[in-house]
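In: here are the coordinates; sequence isn't available:
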């Protein structure tokens with residue numbers, strides 16, 4: 001994080017609903033300064049903002065093992081968290097390039113891992129690898145000129161829970177030559193030449209990621225109450241975490257370089273009545289407004305194209321293009 005001063009905060013909780021509310025509160029209410037948050041969730045699946053939750057989880061396994069399920073406000077795919085996983089969040093002023101922003105935040109994490117003697121590198125759209133195994137996935141969101149960049153760090157997570165809890169789309173494995181979630185991920189601890197606890201790893205990250213001037217701050221009691229209110233009104237709700245998939249007449253799913261895109265569409269008398277986009281593409285903003293603008297639009301490629309041309313598509317769909325969106329929708333219809 002390229003800055004001379006970093007404000008460091010901890011959530012003080014293992015509750016995923018509270019932790020995501022805490023993160024969102026800092027993003028939306030602390031509009032100046034550079035923030036670093038480190039936090040952990042007890043057994044949890046965190047799904048991307050555009051994903052169909054029921055399609056991402058093994059519901060029977062989730063119920064049996066009492067795993068929390070929560071939706072975040074950033075794009076990307078579903079991930080499993082437990083207390084062997086450490087999460088980090090950077091919040092600061094947004095730059096003029098999402099790729100530059102990603103490099104600004106990913107490189108310090110890669111450098112921190114290299115500082116432990118690990119063979120670490122950034123890979124693909126949003127992964128960090130150690131010795132070829134994925135140990136981190138990242139995502140971003142922009143709000144009011146501020147950027148949230150957050151990621152996971154698998155330190156000593158239970159790989160059997162990762163494999164059991166997530167229902168992995170076979171499209172993810174096309175041309176990858178891998179057969180399971182478990183074979184793709186690794187724990188940082190297993191690669192260390194000298195063992196350390198997650199507590200020591202946490203302390204090391206604070207020093208490494210802050211680099212220079214670090215000061216710790218805590219929320220006031222009044223601010224904590226606002227976090228709790230956000231948790232209860234949003235992150236605790238079924239509507240946010242699962243949502244109601246619309247009845248649809250058409251559905252298609254395609255895998256592009258920018259991620260998986262699934263479109264479900266309900267059409268009545270030639271007009272789009274309802275439309276929903278799912279996927280693990282790296283969006284920076286919610287798709288709610290786009291879906292609203294497409295409601296009532298004639299279900300013809302040239303008409304949908306007009307609506308898409310008015311959008312900042314890289315904020316909504318990452319590197320998935322207008323042509324790819326139209327192909328995914330109209331190849332089905």
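Out: That came in fine, so what should we check first? What you see is a predicted model, and the numbers here were worked out from it, not measured in a lab.
In: mind listing the strands for the stretch 201-333 of the chain?
Out: Listed in chain order, the strands of the stretch 201-333 of the chain (DSSP state E, counting those that start in this stretch) span 213-216, 250-256, 259-268, 271-279.
In: and the ones you listed as CSV, adding distance to residue 38?
Out: Using the backbone N, CA and C atoms, a C-beta is placed for each residue, glycine as well. Shown next, in CSV, are those (distance: least, C-beta to C-beta, whole Å):
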stretch, distance to residue 38
strand 213-216, 11
strand 250-256, 33
strand 259-268, 27
strand 271-279, 28
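In: where in the stretch 101-250 of the chain is pLDDT low?
Out: 101-102, 168-183, 212, 244-248 (pLDDT under 70).
In: Contacts for stretch 199-216, please.
Out: 1, 3-9, 36, 38, 86, 88, 108-109, 111-112, 115-116, 153, 155, 188-189, 196 (C-beta atoms under 8 Å, 6 or more residues apart in numbering).
In: From the chain's centroid, how far away is it?
Out: Chain-centre distance of stretch 199-216: 23 Å, with C-alpha atoms, centre = their mean, to the nearest Å.
In: list the buried ones in it?
Out: 201-202, 205-206, 208-210 (16 or more other C-beta atoms under 10 Å).
In: mind listing which of those residues are in helices?
Out: Using DSSP state H, the subset of the buried residues of stretch 199-216 located in helices is 201-202, 205-206, 208-210.
In: In TSV: those, plus distance to residue 165.
Out: Shown next, in TSV, are these (distance: C-beta to C-beta, whole Å):
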residue	distance to residue 165
201	23
202	24
205	25
206	29
208	30
209	28
210	32
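In: Go through those and name the one nearest residue 66.
Out: For those, the residue nearest residue 66 by C-beta to C-beta is residue 202; the value is 25.1 Å.
In: distance of the closest one from residue 36?
Out: Here residue 202 is placed at a distance of 12 Å from residue 36 (C-beta to C-beta, to the nearest Å).
In: Check residue 104 too.
Out: Per C-beta to C-beta, residue 104 is found 13 Å from residue 36.
In: Compare those two and say which is more crowded by neighbours.
Out: The residue with more neighbours, out of residue 104 and residue 36, is residue 36; 23 against 18, by other C-beta atoms under 10 Å.
In: and the more buried one, what is it in contact with?
Out: 1, 6-9, 88-90, 206, 209-210, 214.
In: how does it look with 10 Å?
Out: Going by C-beta atoms under 10 Å, 6 or more residues apart in numbering, residue 36 touches 1, 3, 6-10, 88-92, 108, 205-206, 209-210, 214, 216.
In: Now name the helix or strand holding it.
Out: If you go by DSSP states H and E, residue 36 is part of strand 35-39.
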